[in-house]
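Asks: When you get a sec, could you give me coordinates for this:
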Amino acid sequence: MKVPYRLGRAERRTIDEARRVEALANCRYCEQQLPRKGLQYCGHPPRRRAQLPRERTLDDWPALPEKPAAPPDVQTQGLIDRLTKTATGSDPAAFEIAVCDALAHMGFATVHLGGDSAPDGYADAQLGALGYRAMLECKTAKSIVPDPDIFEAAKYRDAFHAQSCAIVGPAFSEELKLTSELHTHGVSAWTLADLQTALTIAANAYELRALFEPGYAADALADLLWERKHGQRKRILTVANLIRSTGWHLQTLMVQQHGHESVMVSLSNHPEQRGEAAPAEGRTISTNGAATNGAASTNGTSSVSNAALLTLDAAMVLVDEALAATGSQRACTREEAQLAFEYLTHPIIAHAAWTDAAQSAIVVTSPSS
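Replies: Residues are numbered from 1 along each chain as shown. Predicted coordinates:
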């Protein structure tokens, strides 16, 4: 008969510890270990994703000159005031209609439904192939919406062939249970402030797509505001402005240097240098006031043919030097320089022109203001 092996106390402790570690997981917001079952959060004060450090591209480039933000127009301000009044009022339908009207103002085609067995409404982003539909569930409250029914906000998604669902209210708690439910049911929580901010900045349906992703709309709204101020638009405009200013400076410097050389060659071949009178025929005045004639223009043509080309690589060097002079530690990328070339040479902008059909280099056509 085979006697079963009995574990010693030390071996049992080792196995028990291994099982305990296997059953633990790190909290989503810190390194504290928790049981794998249930929500993956520890007991510290809850923090939403937007309150955690965000991974964004370093922006130490010079700020673009910007005009002060204009206040909302009369129609936009009217919608903001309606939302404020109805969100905490006693007429839920009035708030539902106000939400639909606010989204319609930002480019959506909205439909208000309401009632006991129907969603409050839905919004269609009129973006062609990039269009999407979001179901709307609106909740009134004096401040924080008590016990929001997240499942209710997602219930009609399939019936209405929607891609997103949103619950809109004056404010929502930051409890971890609510955060989990939003992701479980694929619902985004929009506060009154979120919707009013989107109206104030004149956001459009394309920009707002990320705000309908599961979770808190405020997180994606913060990303949108950052992108507008520090994102690709700023980077391309900064690179384009530096290319335009440094490129024009080099072009004027080249004309001054080569123009002076051309004039000296012309003078050395004519009697003015010896104090003799020059024939009046064919005599012209250069831009710096020196007397010259047709021979100078020939040399000028030669200097143009020997001019340095403002290629993509040359532009990147110029931009990087200009950025480094401002204390920036981030260089421009080839993609940003290429997009800047395309921007400067666009017929509507027309601050530069391609030197050849192959678009291998550009010349700046006007100085920066």
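Asks: show me what contacts the nearest residue to residue 199 once chain neighbours are set aside?
Replies: Nearest residue to residue 199, sequence neighbours excluded (CB to CB, 6 or more residues apart in numbering): residue 76, at 5.4 Å. Placement of C-beta: from N, CA and C, glycine included. The contact partners of residue 76, by CB atoms under 8 Å, 6 or more residues apart in numbering, come to 105, 199, 200, 202.
Asks: Among these, name the buried ones.
Replies: 105, 199 (16 or more other CB atoms under 10 Å).
Asks: host element of the residue nearest to residue 199?
Replies: helix 74-87 (DSSP states H and E).
Asks: buried residues in that helix?
Replies: Those would be 76, 79, 80, 82, 83, 86, 87, for helix 74-87 by 16+ other CB under 10 Å.
Asks: likewise stretch 175-182?
Replies: 176, 178, 179, 181, 182.
Asks: Go through the residues you listed and say which is closest to residue 346.
Replies: residue 182 (42.1 Å; CB to CB).
Asks: Quick check: which element contains the closest one?
Replies: helix 176-185.
Asks: Which strands or helices does that helix pack on?
Replies: helix 150-154, strand 187-191, strand 215-216 (3 or more CB pairs under 8 Å, 6 or more residues apart in numbering; DSSP states H and E).
Asks: Could you rerun that using 10 Å?
Replies: helix 150-154, strand 164-169, strand 187-191, strand 215-216 (3 or more CB pairs under 10 Å, 6 or more residues apart in numbering; DSSP states H and E).
Asks: What's the mean pLDDT across that helix?
Replies: If you average the pLDDT over helix 176-185, you get 92.
Asks: tell me the angle of it relative to strand 164-169?
Replies: 150 degrees (axes from the mean of the first three to the mean of the last three CA atoms, to 10 degrees).
Asks: Report the distance from helix 176-185 to the chain centre.
Replies: 27 Å (CA atoms, centre = their mean, to the nearest Å).
Asks: All the helices of the protein, in order from the start?
Replies: Per DSSP state H, the chain carries helices over the ranges 9-22, 74-87, 92-105, 150-154, 176-185, 192-200, 217-230, 232-268, 294-305, 312-325, 334-345.
Asks: what's the closest of those helices to residue 366?
Replies: helix 232-268 (7.7 Å).
Asks: helices and strands around that closest one, which ones?
Replies: Using 3+ CB pairs under 10 Å, 6+ apart: helix 232-268 touches helix 217-230, strand 291-292, helix 294-305, helix 312-325, helix 334-345, strand 352-354, strand 362-364.
Asks: please redo it, this time with the cut-off set to 7 Å
Replies: Here helix 232-268 touches helix 294-305, helix 312-325, helix 334-345, strand 362-364, going by 3 or more CB pairs under 7 Å, 6 or more residues apart in numbering; DSSP states H and E.
Asks: Stretch 348-364: end-to-end distance?
Replies: 15 Å (CA to CA, to the nearest Å).
Asks: got the buried residues for it?
Replies: Buried, per 16+ other CB under 10 Å, within stretch 348-364: 351, 352, 361, 362, 364.
Asks: Any chance of JSON lines for the helices and strands packed on helix 176-185, columns mean neighbour count?
Replies: Formatted as JSON lines, these follow (neighbours: other CB atoms under 10 Å):
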{"stretch": "helix 150-154", "mean neighbour count": "21"}
{"stretch": "strand 164-169", "mean neighbour count": "26"}
{"stretch": "strand 187-191", "mean neighbour count": "25"}
{"stretch": "strand 215-216", "mean neighbour count": "21"}
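Asks: I'd like the ones you listed laid out as TSV, including distance to residue 99.
Replies: What follows is the helices and strands packed on helix 176-185, written out as TSV (distance: least, CB to CB, whole Å):
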stretch	distance to residue 99
helix 150-154	13
strand 164-169	5
strand 187-191	8
strand 215-216	17
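Asks: got the domain boundaries for this structure?
Replies: Annotated domains of the chain cover 74-229, 232-272+280-364 [automatic domain parsing].
Asks: Show the end-to-end separation of the longest one, please.
Replies: Between the opening and closing residues of domain 74-229 lies a distance of 25 Å (CA to CA).
Asks: How far off centre is that domain?
Replies: 22 Å.
Asks: circling back: let's have the helices of the chain in JSON lines, adding distance to residue 124.
Replies: Shown next, in JSON lines, are those (distance: least, CB to CB, whole Å):
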{"stretch": "helix 9-22", "distance to residue 124": "48"}
{"stretch": "helix 74-87", "distance to residue 124": "19"}
{"stretch": "helix 92-105", "distance to residue 124": "10"}
{"stretch": "helix 150-154", "distance to residue 124": "17"}
{"stretch": "helix 176-185", "distance to residue 124": "21"}
{"stretch": "helix 192-200", "distance to residue 124": "17"}
{"stretch": "helix 217-230", "distance to residue 124": "18"}
{"stretch": "helix 232-268", "distance to residue 124": "27"}
{"stretch": "helix 294-305", "distance to residue 124": "57"}
{"stretch": "helix 312-325", "distance to residue 124": "42"}
{"stretch": "helix 334-345", "distance to residue 124": "31"}
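Asks: Go through the ones you listed and name the closest to residue 131.
Replies: helix 92-105 (13.7 Å).
Asks: Can you name every helix or strand that the closest one contacts?
Replies: Against helix 92-105 (3+ CB pairs under 7 Å, 6+ apart) you get helix 74-87, strand 108-112, strand 121-125, strand 133-138, helix 192-200.
Asks: Can you mark which positions in it are buried?
Replies: 94, 95, 96, 97, 98, 99, 100, 101, 102, 103, 104, 105.
Asks: for the helices and strands packed on helix 232-268, which one sits closest to residue 159?
Replies: Of all the helices and strands packed on helix 232-268, helix 334-345 comes closest under CB to CB, at 43.0 Å.
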